[in-house]
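S.K.: Following is a predicted model, sequence given first.
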Amino acid sequence: MKYLGIELQKPKIAVFDFTSCEGCQLQLVNKEDTLADFLNAVEVVNFREASSYRGDDYDIAFIEGSISRNDEVKRLTKIREKAKVLVALGSCACFGGVNKLKNEFDVKTINREIYGKDPKETLWVKSVGEIVKVDLEIPGCPISKTEVETIVRHLIWGTPFTFPVYPVCVECKQRFTTCLMEKGHLCLGPITRGGCNAPCPAGGLGCWGCRGPATDPNYESFFAICKERGFSRAEIDERMGFFSAFGEVHGK
Ligand code: SF4
Ligand code: SF4
């Protein structure tokens, strides 16, 4: 494969799933209009949803899901030893995601309620970065395949990729979506990293912050606007805690 007359190398990629719904992996094989180009740009050596081949000589390991069992800790550690580049793929891998809501409760009680007399081995949920070194985090629930394709192009060219620093509101304006806050809905768009093209507000749903905080978010102004519009602290906390993406920042 050549670009501007320069021979490019196809990176060997592997995609591994941990505690997740596998929606981010599905995104990679979902966008059929670019699927052939994507698969032509990389060499897939391990990707359960795309191929029955199982190799372990990968350059880039994409990790989907959070870590919630001891066997996952061991498996992830081995993958880290082999991969030249390890990418956390999606909000579960980057932040712990919705799985981390479990950490609000007693693990034994939850285990009993879900599995009854057949409890399973389970840990407090952690993000991938809480277990091993992560080279790149691609947030989103699910990830944007367009963004991943752009990132893979940068990895092939060996040039750094920069995520948008602006919040979701910018893309909302670019789409001419009427602000949902104006319609009385709570929306985390002002403090959430753009790059998804604001599909939730366009569909009538306030942003839930799946991409995590924008660069230098103005929490103080956001909380003030929410208060002015009558949203309670509990509502804001619930939403900011949903993907575990905002750490210890909570509504005021
Ligand atoms: S709907 Fe949400 S993301 Fe869109 S402009 Fe309003 S606050 Fe920002
Ligand atoms: S609008 Fe918000 S919740 Fe929806 S995809 Fe974008 S960051 Fe995620």
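M.R.: Sure, I can see it. Residues are numbered from 1 along each chain as shown. Ligands and ions are numbered 1, 2, ... in the order given.
S.K.: So which residues of the stretch 1-150 of the chain form helices?
M.R.: Under the criterion DSSP state H, counting those that start in this stretch, the stretch 1-150 of the chain contains helices at 23-30, 32-41, 70-82, 91-95, 107-115, 145-157.
S.K.: okay, now the closest residue to ligand 1 within the chain: neighbour count?
M.R.: Shortest the chain-to-ligand 1 distance, computed as C-beta to the nearest ligand atom: residue-wise this is Gly189, at 2.1 Å. C-betas here are computed from N, CA, C, even on glycine. By the criterion of other C-beta atoms under 10 Å, Gly189 has 26 neighbours.
S.K.: Could you double-check that it lies in contact with Tyr166?
M.R.: No: the criterion here is C-beta atoms under 8 Å, and Gly189 misses it with Tyr166 at 10.6 Å.
S.K.: on that earlier part again, quick one, what contacts the residue of the chain closest to ligand 1?
M.R.: Residues in contact with Gly189 (C-beta atoms under 8 Å, 6 or more residues apart in numbering) are Pro167, Val168, Cys169, Cys172, Leu180, Ala198, Pro201, Gly206, Cys207.
S.K.: Check which helix or strand the third one maps to.
M.R.: Following DSSP states H and E, one finds Cys169 within helix 168-174.
S.K.: re the thing from before, turn the helices of the stretch 1-150 of the chain into TSV, including mean neighbour count, mean pLDDT and distance to ligand 2.
M.R.: Listed next are the helices of the stretch 1-150 of the chain as TSV, based on neighbours: other C-beta atoms under 10 Å; pLDDT from 0 to 100; distance: least, C-beta to the nearest ligand atom, whole Å:
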stretch	mean neighbour count	mean pLDDT	distance to ligand 2
helix 23-30	19	92	12
helix 32-41	12	87	19
helix 70-82	14	98	25
helix 91-95	31	98	8
helix 107-115	12	88	25
helix 145-157	17	86	11
